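J.: Predicted model and sequence follow; I will ask about them next.
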Amino acid sequence: QVQLVESGGGLVQAGASLRLSCSASGFTFSNYNMGWFRRAPGKGREFVAAITRNAVGKDYAEAVKGRFTISRDNGKNTVYLQMASVKPEDTGVYYCAARETGYGSNSAAYEYWGQGSQVTVSS
């Protein structure tokens, strides 16, 4: 069955770096565009970053642009989110998601979702 498993979250201090990984199985990963979303405490889910199946296209939320980098390794069926200069407002549960058609920030268009990884940034 389809699985997306996030890892790499934890508690870090403001200004630190962190890398999230999302390992995919049960579908042809290289055919899917991938995205990262997050849900802060008491808030709705918001878009963080997206990457096309061939990694040529990348998109970022304004709040993370210049600090976060999305990448993927189709040979390892894994998508990454490199987080740098993290801020307390980056705290939340981070989810990876997959969609076969289209690409971007519309969460409703994503077909598969992981269970999430908690990231907590202390000030």
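T.: Now that the structure is in, tell me what you want to look at.

J.: now the strands: where do they sit in this protein?
T.: Shown for the chain, the strands assigned by DSSP state E span residues 3-7, 10-13, 18-25, 33-39, 45-51, 58-60, 68-73, 78-83, 92-99, 112-113, 117-122.

J.: which residues does the residue nearest to the spatial centre of the chain form a beta bridge with?
T.: Closest residue to the average C-alpha location of the chain: residue 36 at 2.4 Å, with Cα atoms, centre = their mean. Beta-bridge pairing for residue 36 (DSSP bridges): residue 49, residue 96.

J.: out of the strands of the chain, nearest to residue 105?
T.: Closest approach to residue 105 among the strands of the chain (Cβ to Cβ): strand 45-51, 3.7 Å. The C-beta positions use only the backbone N, C-alpha and C, and glycine is treated the same way.

J.: Only C-alpha atoms, please: export the closest one in PDB.
T.: Only the C-alpha atoms of strand 45-51 are listed here, as PDB (Å, rounded to 0.1, in the frame of the first residue of the first chain):
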ATOM      1  CA  ARG A  45      -2.400  23.400   7.200                       C
ATOM      2  CA  GLU A  46      -0.200  25.600   5.100                       C
ATOM      3  CA  PHE A  47       2.000  25.100   2.100                       C
ATOM      4  CA  VAL A  48       5.700  25.100   2.600                       C
ATOM      5  CA  ALA A  49       7.400  23.900  -0.700                       C
ATOM      6  CA  ALA A  50       6.800  21.800  -3.800                       C
ATOM      7  CA  ILE A  51       9.000  20.000  -6.300                       C
END
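
J.: circling back: next, find the distance separating the residue nearest to the centre of the chain from residue 123.
T.: From residue 36 across to residue 123, the span is 23 Å (Cβ to Cβ, to the nearest Å).

J.: Could you pull out the buried residues of stretch 74-81?
T.: Buried residues in stretch 74-81, counted by 16 or more other Cβ atoms under 10 Å: 74, 77, 78, 79, 80, 81.

J.: What separates the first and last residues of it, distance-wise?
T.: Across its full length, stretch 74-81 reaches 15 Å between end residues, using Cα to Cα, to the nearest Å.

J.: Looking at the buried residues of stretch 74-81, spot the one nearest residue 42.
T.: The nearest one, if we look at those relative to residue 42 and count by Cβ to Cβ, is residue 81, at 22.1 Å.
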